[in-house]
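S.K.: okay, sequence plus prediction incoming.
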Amino acid sequence: MDIFSQKIFLYVVIVLSASFHEYAHGFIAYKLGDFTAKDAGRLTLNPLAHLDLMGTVFIPLFLLFYGGMFLGWAKPVPYNPYNLKDQKYGSLKVGIAGPAANLLIALILGIFLRLAAAGIFGQWPIISGQLFLGAVALIIYINIFLALFNLIPLPPLDGSKVIMDLFPRSADAMANLGFFGIFLALITAFFILSPVAQFLFWLITGRGLGF
C-alpha cells in the first residue's frame, strides 16, 4: 500500500471510529430518556451526520497530507442532561459511552486478530495476509488511542464530564480552563498516551504494533 493510500485509509478509519463514538453518546442518552440526538438526526452511524466541515474534513486532511500528523474532531452529539432518567450519573454514562464504544471495537477486533493470526480461519489469502492483518491492527490501535484521548479529564473531552459528575466541585475549575484544556490534552496525548496505547494494544492482541 503506497503512502497516499495509507493516509486515506487512516483518515477513513478515524472518521468511522469517531462516528461510532458519537453515535454511542446519543444512544446512551436515548436509552436514558433524552431524545435530543434522535430528534436532531444524530442517532445514526452515518458519518455524514457527524461531520464537521472544518474539524472532520479540511483541518485533518490538510495536516495529514502536509503536516505529517492528524488532528480533527466530529460534531458533538447534542443531549439535554435534564432529560436523563439518572440525574446523578446520567451525564457520566453518556460521557463514557463514546470511549467505551471505541474500546469495544478494539476488543472485538483484537479477538479476531488473535484468531486470524493463529490460523483459526484457515489460509484464506485475504484474512491471513499480512496487509489485511496489519490494517486490522491499525484499526485496533486507532480506537484504543481515541478512547484514551477522550478520557483525558480536561474539557471539552469526555473525561472532563466524568470528573465533573464524580466531583461536582470541580465543575467551575474545569469551565475556567477554556481553550487551555484542549492545549493540555494535546500535550498529554503527545507525551503520554502513545506508550499507554501500545501497552493496551499488546494486552488486547498479544503482540506489538509491528505486526
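M.R.: All right, it came through fine.

S.K.: tell me who's in contact with the residue most central in space within the chain.
M.R.: The chain has residue 146 as the residue nearest its centroid, 3.4 Å off, counting by C-alpha atoms, centre = their mean. The contact partners of residue 146, taken as C-beta atoms under 8 Å, 6 or more residues apart in numbering, are 14, 17, 18, 21, 99, 102. Bear in mind the C-beta positions are built from the backbone N, C-alpha and C, glycine included.

S.K.: now with 6 Å?
M.R.: 17, 102 (C-beta atoms under 6 Å, 6 or more residues apart in numbering).

S.K.: do the same with residue 85
M.R.: Residue 85 sits next to 32, 33 when contact means C-beta under 6 Å, 6+ apart.

S.K.: quick check: mean pLDDT of the strand or helix carrying residue 97?
M.R.: Residue 97 is part of helix 90-117 when elements are defined by DSSP states H and E. Averaged across helix 90-117, pLDDT comes to 94.

S.K.: stretch 25-43 too?
M.R.: Here the average pLDDT along stretch 25-43 is 97.

S.K.: tally up the residues packed near the residue nearest to residue 7 when sequence neighbours are not counted, please.
M.R.: Using C-beta to C-beta, 6 or more residues apart in numbering and skipping the chain neighbours, the partner closest in space to residue 7 is residue 64 (5.3 Å). For residue 64, the neighbour count with other C-beta atoms under 10 Å is 18.

S.K.: now tell me what touches stretch 25-37 from outside.
M.R.: 38, 42-43, 77-80, 83-86, 90, 93-94, 97-98.

S.K.: state the distance spanning the first to the last residue of that stretch.
M.R.: 9 Å (C-alpha to C-alpha, to the nearest Å).

S.K.: if you count neighbours, what's buried in that stretch?
M.R.: Residues of stretch 25-37 classed as buried: 25, 26, 27, 28, 29, 30, 32, 34, 36, 37 (neighbour count, 16 or more other C-beta atoms under 10 Å).

S.K.: what residues are up against the residue nearest to the first one when sequence neighbours are not counted?
M.R.: Nearest non-adjacent residue to residue 25, counting by C-beta to C-beta, 6+ apart: residue 77, 4.5 Å away. The contact partners of residue 77, taken as C-beta under 6 Å, 6+ apart, are 22, 25, 26, 37, 42.

S.K.: do you have the strands of the chain handy? List them.
M.R.: Counting by DSSP state E, one finds no strands in the chain.
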